[in-house]
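> just need the structure, nothing else, for what follows:
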Amino acid sequence: PHWLSGWGFLGAALMLGSFLAQLFGFEPPDFLFFPIAVQEMVFAVWLIAQGFDQPALASLSAQQN
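Model prediction:
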């Protein structure tokens, strides 16, 4: 879903900003990593609950063979 990917991009941007701040000697707060951590857990639950698109996977497998 779009909202989940947007959440991931936001979390990744915060994490990247935190890493860049550390390169320049700043100590960013640890809570900047929480959005991406929670997003990864929500994404895992989403995949378990919704599953994968089986017909799409089958056609992909057939194309590679």
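
> residues in contact with stretch 46-61?
1, 4 (Cβ atoms under 8 Å, 6 or more residues apart in numbering). Where you see a C-beta, it was placed from the backbone N, CA and C, and this is true even at glycine.

> what about 7 Å?
With Cβ atoms under 7 Å, 6 or more residues apart in numbering as the contact definition, stretch 46-61 has outside contacts at L4.

> endpoints of it, how far apart?
End-to-end distance for stretch 46-61, by Cα to Cα, to the nearest Å: 23 Å.

> now that stretch: how far from the chain's centre is it?
Stretch 46-61 sits 18 Å away from the centroid of its parent chain (Cα atoms, centre = their mean, to the nearest Å).

> other SSEs contacting the longest helix along the chain?
Assignment by DSSP state H gives helix 2-23 as the longest helix of the chain. Applying 3 or more Cβ pairs under 7 Å, 6 or more residues apart in numbering; DSSP states H and E, we find helix 2-23 packed against helix 34-50.

> tell me the buried residues in the helix it packs on?
35-36, 39 (16 or more other Cβ atoms under 10 Å).

> try stretch 15-29
Of the residues in stretch 15-29, those buried (16+ other Cβ under 10 Å) are 15, 18.

> what does that stretch contact?
By Cβ under 7 Å, 6+ apart, stretch 15-29 touches 32-33, 36.

> kindly export the longest helix of the chain (C-alpha atoms) in PDB.
Once non-C-alpha atoms are left out, helix 2-23 reads as follows in PDB (Å, rounded to 0.1, in the frame of the first residue of the first chain):
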ATOM      1  CA  HIS A   2       1.100   3.600  -0.700                       C
ATOM      2  CA  TRP A   3       0.800   4.700   2.900                       C
ATOM      3  CA  LEU A   4       3.200   2.000   4.000                       C
ATOM      4  CA  SER A   5       5.800   2.900   1.400                       C
ATOM      5  CA  GLY A   6       5.500   6.600   2.200                       C
ATOM      6  CA  TRP A   7       6.000   5.800   5.900                       C
ATOM      7  CA  GLY A   8       9.100   3.800   4.900                       C
ATOM      8  CA  PHE A   9      10.600   6.700   2.800                       C
ATOM      9  CA  LEU A  10      10.000   9.000   5.800                       C
ATOM     10  CA  GLY A  11      11.700   6.600   8.200                       C
ATOM     11  CA  ALA A  12      14.600   6.000   5.800                       C
ATOM     12  CA  ALA A  13      15.100   9.800   5.400                       C
ATOM     13  CA  LEU A  14      15.200  10.200   9.200                       C
ATOM     14  CA  MET A  15      17.700   7.400   9.500                       C
ATOM     15  CA  LEU A  16      19.900   8.800   6.700                       C
ATOM     16  CA  GLY A  17      19.800  12.200   8.400                       C
ATOM     17  CA  SER A  18      20.800  10.600  11.700                       C
ATOM     18  CA  PHE A  19      23.800   8.900  10.000                       C
ATOM     19  CA  LEU A  20      24.900  12.100   8.300                       C
ATOM     20  CA  ALA A  21      24.600  14.000  11.500                       C
ATOM     21  CA  GLN A  22      26.900  11.500  13.200                       C
ATOM     22  CA  LEU A  23      29.400  12.000  10.400                       C
END
